[in-house]
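Asks: no sequence on this one, just coordinates:
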């Protein structure tokens, strides 16, 4: 499962300002638990991180606050939005405790069925049930 948390992404910058890729590499290289490499593409960096520590949205937002400009072409923006959503959902799901039902199926069923209205009382408000 930890492999699902390990992410490798590409940061795609615009050509201007000219030295932003070098500046971003210097900044990101100083962050703990974040691996940053030059990409084969001229205006890109590759970053590797664990989803527990970073998200693409968080990294890009922090860099934008420092004046960095990312490629906003339609396809890159769509891909980023999908990644943002998936990473956000993954981080959210990590906070939810998993429910173990294999060992306690009977207790779970009894608890759930006790919360539902029984057929004979369906649609009748609780205060009127004694008059049936």
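Replies: Arrived safely. Everything numeric in this text was worked out from a predicted model, so none of it was measured.
Asks: name the helices or strands packed onto the longest helix along the chain?
Replies: Criterion DSSP state H: the longest helix present in the chain is helix 74-94. When contacts are defined as 3 or more Cβ pairs under 8 Å, 6 or more residues apart in numbering; DSSP states H and E, helix 74-94 sits against strand 6-12, helix 56-65. In short, each C-beta sits where N, CA and C put it, glycine included.
Asks: Mind doing that once more with 7 Å?
Replies: helix 56-65 (3 or more Cβ pairs under 7 Å, 6 or more residues apart in numbering; DSSP states H and E).
Asks: State the mean pLDDT of the longest helix of the chain.
Replies: Helix 74-94 carries an average pLDDT of 93.
Asks: Check which residues of that helix are buried.
Replies: 80, 83-84, 87 (16 or more other Cβ atoms under 10 Å).
Asks: nearest to residue 8, of the residues you listed?
Replies: Using Cβ to Cβ, residue 83 comes nearest to residue 8 of the buried residues of helix 74-94, at 11.2 Å.
Asks: sorry, back to before: turn the buried residues of helix 74-94 into TSV, including distance to residue 15.
Replies: Putting the buried residues of helix 74-94 into TSV (distance: Cβ to Cβ, whole Å) gives the following:
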residue	distance to residue 15
80	18
83	23
84	24
87	27
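Asks: quick one: which of those is nearest residue 68?
Replies: So of the buried residues of helix 74-94, ranked by how close each gets to residue 68 (Cβ to Cβ), first place is residue 80, at 14.0 Å.
Asks: excluding its backbone neighbours, what's nearest that closest one?
Replies: residue 56 (6.8 Å; Cβ to Cβ, 6 or more residues apart in numbering).
Asks: I'd like to check which residues are in contact with that neighbour.
Replies: 9, 80, 83-84, 87 (Cβ atoms under 7 Å, 6 or more residues apart in numbering).
Asks: Of all the residues in the host helix or strand of residue 47, which ones are buried?
Replies: Assigned by DSSP states H and E, residue 47 belongs to strand 44-50. Neighbour-count burial for strand 44-50 flags 44-45, 47, 49 (criterion: 16+ other Cβ under 10 Å).
Asks: residues near the closest residue to residue 31 other than its chain neighbours, how many?
Replies: Nearest in space to residue 31, with sequence neighbours left out and distances taken as Cβ to Cβ, 6+ apart, is residue 54 at 7.9 Å. By the criterion of other Cβ atoms under 10 Å, residue 54 has 21 neighbours.
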